[in-house]
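[1] This is a predicted model, with the sequence first.
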Amino acid sequence: MKVYVHVPFCRSKCAYCDFYSTPRTELMEKYVDTVGMEWTHRDGDGLGDISTIYVGGGTPSSLPVESLVRMLSVFPAGSRLAECTVEANPDDVTPGWVERLTCGTVVNRVSMGIQSFDDGELRFIGRRHSGRRAEEAFATLREGGIGNISCDLIYGLPGQTLRSWERSIERMLALRPEHISAYLLSYEPRTRLGVMLEQGKVEEADERTACAMYDMLCTALRRAGYVHYEISNFALPGREAIHNSGYWDGSDYIGLGPGAHSMIDGVRSYNPSDLRGYVASRGEAFGIVEEENELERLNDRIITSLRTSAGLDTTGLDAYPEVMAEVERLMAEGELIATQPGRVAIPEERWLRSDAVMRRLIVV
């Protein structure tokens with residue numbers, strides 16, 4: 001079983017972020033208690049051994065480190081646990097923080113949100129660290145014994161140029177993390193940047209610029225030996241994210257904490273984004289089941305599979321002749337390629353425009 005824990009605390013809200021978070025630090029300890037209670041209630045359903053743990057947010061590193069250690073201690077460190085990831089902001093990474101995680105928990109991977117190495121870009125989107133601080137935090141993780149590090153970048157930022165993006169890629173590659181995630185900036189409606197876009201105070205990167213940045217990224221990382229295994233994710237060989245790959249291959253996962261999602265035996269559910277309600281629930285019967293019909297499950301399978309280099313397994317799609325007919329048309333047009341018998345994928349150079357391919361396959 002893959003376990004995701006949503007930590008809903010942030011010291012400040014980044015201009016682009018629409019994930020559920022709150023600055024209400026007085027509820028941190030009650031939140032940690034409730035995660036333990038929710039796990040106890042849900043583990044009683046016979047979920048099986050834990051294979052991965054991913055602590056995301058929000059900002060997990062904003063929790064006091066002893067609270068983070070206490071929260072992680074509720075999960076059994078069985079022999080099947082292959083990966084335990086904690087997300088961190090560079091400004092939270094200190095030698096003491098790293099030592100406490102490596103000596104007192106099962107954490108063996110850290111995912112750090114760098115986003116850019118350009119200080120002006122970082123200030124504009126509300127990040128508290130500098131490019132130099134990100135490099136120092138990375139060195140602290142390495143020196144502290146973290147041998148599996150993932151780092152995030154964002155492209156298409158307001159004011160970002162091809163040259164500044166190239167410099168961020170170069171500085172990232174100089175660190176040589178095991179894993180790199182890179183996302184095209186999305187202007188979500190209720191975020192600060194979303195409002196600024198609506199008011200005409202910023203402009204969205206045009207398609208030509210976004211594509212040029214994506215091509216630059218793919219070329220540089222390929223030359224550096226990274227495998228491009230999902231639209232936004234690159235890894236050194238054998239260092240693909242085990243937990244996140246489960247979201248794309250249809251594996252079961254359980255989400256704990258307010259705002260977390262689960263999928264067990266094909267049934268999706270979610271915890272409402274309500275910290276006070278979550279704490280009041282004491283971790284019991286807080287989730288809401290998402291009703292999905294057969295076509296909605298098929299569409300989920302199409303969308304998640306085609307995000308990856310492995311692509312879509314067409315086994316069983318004969319029951320949907322309209323989908324298979326569209327697969328054939330897309331292959332004839334070069335929008336899909338056969339990666340192995342019975343499996344098709346979107347070519348890497350077309351991944352940034354993959355939504356158009358997916359829309360043609362989705363059954364409505």
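    Perfect, I can see it now. Since this is a predicted model, take the numbers as computed values, not measurements.
[2] okay, CA-based contacts and neighbour counts for the rest of this
    Fine.
[3] Show me where the stretch 201-350 of the chain has its strands.
    Listed in chain order, the strands of the stretch 201-350 of the chain (DSSP state E, counting those that start in this stretch) span 227-230, 233-235, 253-256, 261-264, 267-270, 288-290, 312-313, 337-340, 343-345.
[4] out of those strands, which comes closest to V363?
    strand 312-313 (15.0 Å; CA to CA).
[5] Name the surrounding residues that touch the closest one.
    R301, I302, S305, L306, G342, R343, V344, A345 (CA atoms under 8 Å, 6 or more residues apart in numbering).
[6] Pipe those residues into a markdown table and attach distance to I149, pLDDT and neighbour count per row.
    Listed next are the contacts of strand 312-313 as a markdown table, based on distance: CA to CA, whole Å; pLDDT from 0 to 100; neighbours: other CA atoms under 10 Å:
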| residue | distance to I149 | pLDDT | neighbour count |
| --- | --- | --- | --- |
| R301 | 29 | 91 | 17 |
| I302 | 30 | 94 | 21 |
| S305 | 25 | 94 | 22 |
| L306 | 26 | 95 | 25 |
| G342 | 34 | 90 | 11 |
| R343 | 31 | 94 | 15 |
| V344 | 30 | 96 | 22 |
| A345 | 28 | 96 | 22 |
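[7] in this protein, which residue is closest to the centre?
    The centroid of the chain falls nearest to N244 when counting by CA atoms, centre = their mean (6.8 Å).
[8] if we can go back for a sec, nearest to R171, out of the strands of the stretch 201-350 of the chain?
    Among those, the nearest to R171 by CA to CA is strand 233-235 (15.8 Å).
[9] partners of the closest one, with directions?
    Here strand 233-235 is paired, per DSSP bridges, with strand 179-184 (antiparallel), strand 227-230 (antiparallel).
[10] Would you format the contacts of strand 312-313 as CSV with distance to L317 included?
    Compiled in CSV, the contacts of strand 312-313 are given as follows (distance: CA to CA, whole Å):
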residue, distance to L317
R301, 11
I302, 10
S305, 13
L306, 14
G342, 10
R343, 11
V344, 12
A345, 15
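[11] which one of the residues you listed is nearest D33?
    Looking across the contacts of strand 312-313 and measuring by CA to CA, the closest to D33 is R301, at 34.9 Å.
[12] how far away is S232 from A182?
    Distance of S232 to A182, computed by CA to CA, to the nearest Å: 5 Å.
[13] same question, F19
    F19 is 17 Å from A182, where distance means CA to CA.
[14] ok, now L317?
    32 Å.
[15] do the same with Y54
    From Y54 to A182 the distance is 18 Å (CA to CA).
[16] Same check on K201?
    25 Å.
[17] quick one: which of these two has more around it?
    A182 (19 against 11; other CA atoms under 10 Å).
[18] What is the burial count for the closest residue to that one other than its chain neighbours?
    Nearest residue to A182 in three dimensions, chain neighbours excluded: L153, at 4.6 Å (CA to CA, 6 or more residues apart in numbering). Residues lying near L153 (other CA under 10 Å) number 21.
[19] Could I get the phi/psi values of L153?
    With angles defined as degrees, to the nearest 10, L153 sits at phi -130, psi 160.
[20] No more questions from me, cheers.
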